[in-house]
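Peer 1: pasting the sequence and the predicted model now:
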Amino acid sequence: MEGLEEARARIEQASRVAVLTGAGISAPSGIPTFRDPGGLWENFRLEDYATPEGFAKNPEEVWRWYAWRYARVRQAKPNPAHHLLAELEAQKGDGFLLVTQNVDGLHQRAGSKRVVELHGSILRARCTRCGHTEPLPPPESFEPPPRCARCGTLMRPDVVWFGELLPAGALEKAQAAFAHAEVALVIGTSALVEPAASLGRLSKMAGGYLIEINPEPTPLTPVADLSLREGAVEGLARLLKAQA
Ligand code: OAD
């Protein structure tokens, strides 16, 4: 496959590589995506569980949902796609950045260090009053909703909800990496949620080479230089392992 050979050569030669991941990369670890058939937004109303208004209306229910997801994430293990990206980072060093929309911490558990979490982390709670953040206790001893150890106020999941700003500096860092990337890889995202959805386009506009890995076409497919129409594990193995 000619496109695949070129993509491999580009990755090998590139000193600046930016990667964006979405829920699809954690699907092989058993974590449900949002918009696939049977995905979370099919069974739970986004307005109720992923907006500040939904939390204000029913914090107990929202916390029950996040505690359930948190327990699943803690049980899950990083899969070979997470590990392959950690290996790529080790090869590229300073010129590498991994931007994720995922809140599950699996990239870090696979050994990735240069990670920007655009949508926060499900492993932490944040005080709704003073902003203090804390890691959640182990799922067995976690009793939601948590209260702030500093001021006693109700805490919320430390994730980004619809209508909210991204964590300070995260978007700027992500945009700079994608604008300067010689190769950009977009893996396992429906590319429907902004501003993450536009990062791949940013690379293209700046002359970068854009690779997408997703079993389904996305709005990014028409602008990608190469679209691997397969799962993250299979796609990354073919792309990053010469003889895979
Ligand atoms: P989505 O659920 O929107 O999209 C998941 C994508 O993964 C789809 O395009 C699938 O085709 C693809 N996919 C499924 N299995 C895969 C596999 N094994 N390998 C690779 N790709 C696979 O998830 P995101 O794009 O991450 O935000 O969603 C973006 C944001 O919307 C999330 O961060 C979350 C959500 O609402 C917030 O909650 C703020």
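Peer 2: Alright, I've got the coordinates. Numbers count the residues shown, from 1 in each chain.
Peer 1: and the chain, which of its residues are near the ligand?
Peer 2: Within the chain, the positions near the ligand by CB under 6 Å from any ligand atom are 22-25, 27-28, 33-36, 39, 50, 101, 119, 160-161, 188-190, 192-193, 213-216, 218, 231-232. All C-beta spots, glycine's among them, are computed from the backbone N, C-alpha and C.
Peer 1: show me where this protein has its strands.
Peer 2: 17-21, 96-100, 115-117, 120-127, 133-135, 155-159, 183-187, 209-213, 226-228 (DSSP state E).
Peer 1: what pairs with the first one, and is each one parallel or antiparallel?
Peer 2: Each strand that pairs with strand 17-21, with its direction, by DSSP bridges: strand 96-100 (parallel), strand 183-187 (parallel).
Peer 1: next, the angle from it to strand 209-213.
Peer 2: Here the directions of strand 17-21 and strand 209-213 differ by 30 degrees (axes from the mean of the first three to the mean of the last three CA atoms, to 10 degrees).
Peer 1: could you export strand 17-21 as PDB, CA atoms only?
Peer 2: C-alpha atoms of strand 17-21 as PDB (Å, rounded to 0.1, in the frame of the first residue of the first chain):
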ATOM      1  CA  VAL A  17       4.700  14.700  15.800                       C
ATOM      2  CA  ALA A  18       1.300  15.600  17.300                       C
ATOM      3  CA  VAL A  19      -1.300  13.000  18.100                       C
ATOM      4  CA  LEU A  20      -5.000  13.500  19.000                       C
ATOM      5  CA  THR A  21      -6.900  10.600  20.500                       C
END
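Peer 1: hmm, back to that, export the strands of the chain as CSV, with columns for mean pLDDT.
Peer 2: Below are these laid out as CSV (pLDDT from 0 to 100):
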stretch, mean pLDDT
strand 17-21, 98
strand 96-100, 98
strand 115-117, 98
strand 120-127, 98
strand 133-135, 98
strand 155-159, 98
strand 183-187, 98
strand 209-213, 98
strand 226-228, 98
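Peer 1: got the ones you listed as TSV, with mean neighbour count columns?
Peer 2: Converted to TSV, the strands of the chain look like this (neighbours: other CB atoms under 10 Å):
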stretch	mean neighbour count
strand 17-21	28
strand 96-100	25
strand 115-117	20
strand 120-127	21
strand 133-135	13
strand 155-159	23
strand 183-187	27
strand 209-213	25
strand 226-228	21
